[in-house]
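Peer 1: Turn this into a model:
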Amino acid sequence: MRIKKIKYLNWYIIFIILAIIIGGVVFYFVYRWNKTTAEFNAKVSGTTSIKSAKEALAETELPTDPINVLVVGNDIREELNDSSYGRTDTIMFLRIDPMQKKAYLISIPRDTFVKIPGHERDKINAAYAWGEEKLLIESANELLDTTINHYIEVDFEGFKKLIDALGGVDITVDEPLIDPKANADFPVGTYHMNGDQALSYVRTRVTITADYGRIKRQQNFLKEMIKQHLNIATINKIPDLFKLLQENTQTDLDLNTIVKYAMLIKEMNPESIQMVTLPTHSEIMDNIWYEVPDYDAIVVMMENIMEGRPAERYNAEYNDNGSVPKIMFTNQKKTVQLTVKNTGHTGWTTYGKVTNLSYHIYDYITGKLINYDGPRGPLPQRDVESGESVTIDIDITTPSSPGTLIYYFDMVIEGYLWFSDARVSTYNKVIEIRNPPEYSEDNKQTKVEVKNGSGDENAVDVASRMLSSYGYTFAGSSEAGTQSNIKSMIIYKNEFEEAAKKLQLVFPDAILFLDAQNSFKSKKGADIIFLAGTDFKNKTW
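Peer 2: Modelled structure (predicted):
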């Protein structure tokens, strides 16, 4: 009996397959093709474990038939009683439809409670321990009511090496990820992640959404990896990627078959690759946590996939286009705009089962729930069909105490369902809540010039009245030119740093800019320049 040294994050093979053929790089495989193919097939698809998997796989006709691939990784942990086999930690079902030029990736939670052929019901990751690859494939076939054609295993060391070989991936973290168990230490921000950091990012399940949050991060990472590296610049890295594929993969697919399907994937638009999560609901049975499949929803999901439609009934993509501020005051209300795209297969409506935009508020530091049922932002039109986008106005309200909060924007069908309960990702924004500034006679000593770059002729008047309200001396105004997308700034010299920070309480959306090179000279004799950017347009006071 063998101990399988296969662990997390096997889905990186999807990217390697895509990268192999990007930009017409088949020339690489022309080089000593027969020898390369023989070595690959012997090392990758000729192992004992793959022979077991082949017993449960169904053949397809190339290249027109869709294929179903089970992608797995195994976790070998000391606390597992079985000394021979670990339990699968990550399970994904990949469907590639060459004729419709679409691909679907369904993440199956490892705690999914399923019928395992020949055994009692249990978590799906137990199937591997009881019956190796063959039983795992049979269990997935029964769960999804489908036929799996191919099988892939990849180890997590290969994932880390892949990210390093690519030169890293830029990822924006929209909620704090502090998890010693996964070696994750990511406050909110944007990171250029190496292999070790990427592994920590996709392994952690420390957020309020637990394992589903981890699945969404895995899917987000894969999307960003494809977006940033699936391009002509990857050609020079093909030899290293091919070596990673050979050293860290076990699959029944031979190299010829991989390339044939990869050539088909090359023709797909990245937007046609849908990443979804198996519909389940959480239950505790005998003090054990399970994800119980919602079989009716799974049937609908699989039917949609077979027909090339959006896989999930409810889904949404969000973008605030910079309208959500990073800083607000206590007891404040601000109207923001979110563009929301309906990426599910069911339309939204303003009648019957009314669909609105709302949000949940949690404390950034403690994770404590502040407000689950936030204000509503109604749809701007009667119906929003699948694939359609709308811009929704919604009021952000703040509590009476300062602090740092996370606003989780979430669509809701009133009286029926929050989208997040259907495992749809929320849109998360961190807002620092401050006490509002107060009028002070001391502020009169600070002279402020307003430079208007907003494109709004009323911006100077609004800014000057805001300054006067808090005691500042308005020194006059000037034009900043006609550049587009100027960010509001508070421009200052070293000796006015403290005054600039204090002024930021009046203009919390403005960024502080130290003019060390004396590039900005006030024409009005001001101590500080407030540059009203395009984000200040239509500001009221």
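
Peer 1: Buried residues, the helix or strand encompassing residue 214. List them.
Peer 2: Assigned by DSSP states H and E, residue 214 falls within helix 210-229. Buried residues in helix 210-229, counted by 16 or more other C-beta atoms under 10 Å: 211-222, 224-226, 228-229. From N, CA and C alone the C-beta is placed, and that goes for glycine too.

Peer 1: quick one, what contacts residue 508?
Peer 2: Residues near residue 508 by C-beta atoms under 8 Å, 6 or more residues apart in numbering: 325, 326, 327, 328, 329, 434.

Peer 1: didn't residue 511 look like it was pressed against residue 486?
Peer 2: No. Counting by C-beta atoms under 8 Å, residue 511 stays clear of residue 486, with 11.1 Å between them.

Peer 1: Between the two, tell me which one has more neighbours.
Peer 2: For residue 511 versus residue 486, the count of surrounding residues by other C-beta atoms under 10 Å is larger for residue 486: 21 against 14.

Peer 1: for that one, helix, strand, or coil?
Peer 2: Using DSSP: H, G, I helix; E, B strand; the rest coil, the structure places residue 486 in coil.

Peer 1: how close does it get to residue 452?
Peer 2: From residue 486 across to residue 452, the span is 10 Å (C-beta to C-beta, to the nearest Å).

Peer 1: can you check residue 109 too?
Peer 2: Distance from residue 109 to residue 452, by C-beta to C-beta: 53 Å.

Peer 1: Repeat that for residue 422.
Peer 2: From residue 422 to residue 452 the distance is 46 Å (C-beta to C-beta).

Peer 1: Neighbour count: the two, which is higher?
Peer 2: residue 452 (23 against 19).

Peer 1: List the residues that contact the closest residue to residue 313 other than its chain neighbours.
Peer 2: Excluding its sequence neighbours, the residue lying closest to residue 313 (C-beta to C-beta, 6 or more residues apart in numbering) is residue 346, at 4.9 Å. Each residue near residue 346 by C-beta under 8 Å, 6+ apart is listed here: 313, 314, 386.

Peer 1: The last one reaches residue 341, doesn't it?
Peer 2: Okay, so that is residue 386. No. Between residue 386 and residue 341 there is no contact under C-beta under 8 Å: 9.6 Å.

Peer 1: Isn't residue 217 up against residue 200?
Peer 2: No. The pair residue 217 / residue 200 is not scored as a contact, 10.4 Å apart, by C-beta under 8 Å.

Peer 1: any idea how far residue 206 is from the spatially most central residue of the chain?
Peer 2: Centroid-nearest residue in the chain: residue 220, 3.3 Å away (criterion: C-alpha atoms, centre = their mean). Distance, residue 220 to residue 206, using C-beta to C-beta: 16 Å.

Peer 1: any idea how far residue 411 is from residue 498?
Peer 2: 44 Å.

Peer 1: Of the two, give the one with the bigger neighbour count.
Peer 2: Set residue 411 next to residue 498 and count neighbours by other C-beta under 10 Å: residue 411 wins out with 27 against 10.

Peer 1: Nearest residue to that one in space, ignoring adjacent ones along the chain?
Peer 2: Distance criterion C-beta to C-beta, 6+ apart; nearest residue to residue 411, sequence neighbours excluded, is residue 419 at 4.3 Å.

Peer 1: quick one: pLDDT of that neighbour?
Peer 2: Residue 419 is assigned 94 on the pLDDT scale.

Peer 1: correct me, but it touches residue 409?
Peer 2: No. With contacts counted by C-beta under 8 Å, residue 419 stays clear of residue 409, the gap being 9.9 Å.

Peer 1: Common neighbours of the two, please.
Peer 2: residue 426.

Peer 1: Give me the more crowded residue out of those two.
Peer 2: Taking other C-beta under 10 Å, residue 419 and residue 409 do not tie; residue 409 has more neighbours (26 against 22).

Peer 1: list the contacts for that one?
Peer 2: Counted by C-beta under 8 Å, 6+ apart, residue 409 has contacts 318, 320, 338, 357, 358, 359, 394, 426, 427, 428, 429.

Peer 1: tell me the SS of it?
Peer 2: At residue 409 the chain is in strand, as set by three-state DSSP.

Peer 1: circling back to that earlier point, so how far is residue 455 from the closest residue to the residue nearest to the centre of the chain other than its chain neighbours?
Peer 2: Using C-beta to C-beta, 6+ apart and skipping residues adjacent in sequence, the residue nearest residue 220 is residue 171, 7.5 Å away. Distance, residue 171 to residue 455, by C-beta to C-beta: 33 Å.

Peer 1: what about those two, which has more around it?
Peer 2: Per other C-beta under 10 Å, whichever of residue 171 and residue 455 has more neighbours is residue 171, with 22 against 17.

Peer 1: would you say the more buried one is within a strand?
Peer 2: Yes. Counting by three-state DSSP, residue 171 falls inside a strand.

Peer 1: Tell me the bridge partners for it.
Peer 2: residue 191 (DSSP bridges).

Peer 1: contacting residues for residue 367?
Peer 2: residue 208.

Peer 1: Next, give me the two most distant ones among the contacts of residue 508.
Peer 2: Taking C-beta to C-beta as the measure, these span a maximum distance of 12.5 Å, between 326 and 329.

Peer 1: The two - which one has more neighbours?
Peer 2: residue 329 (16 against 13).
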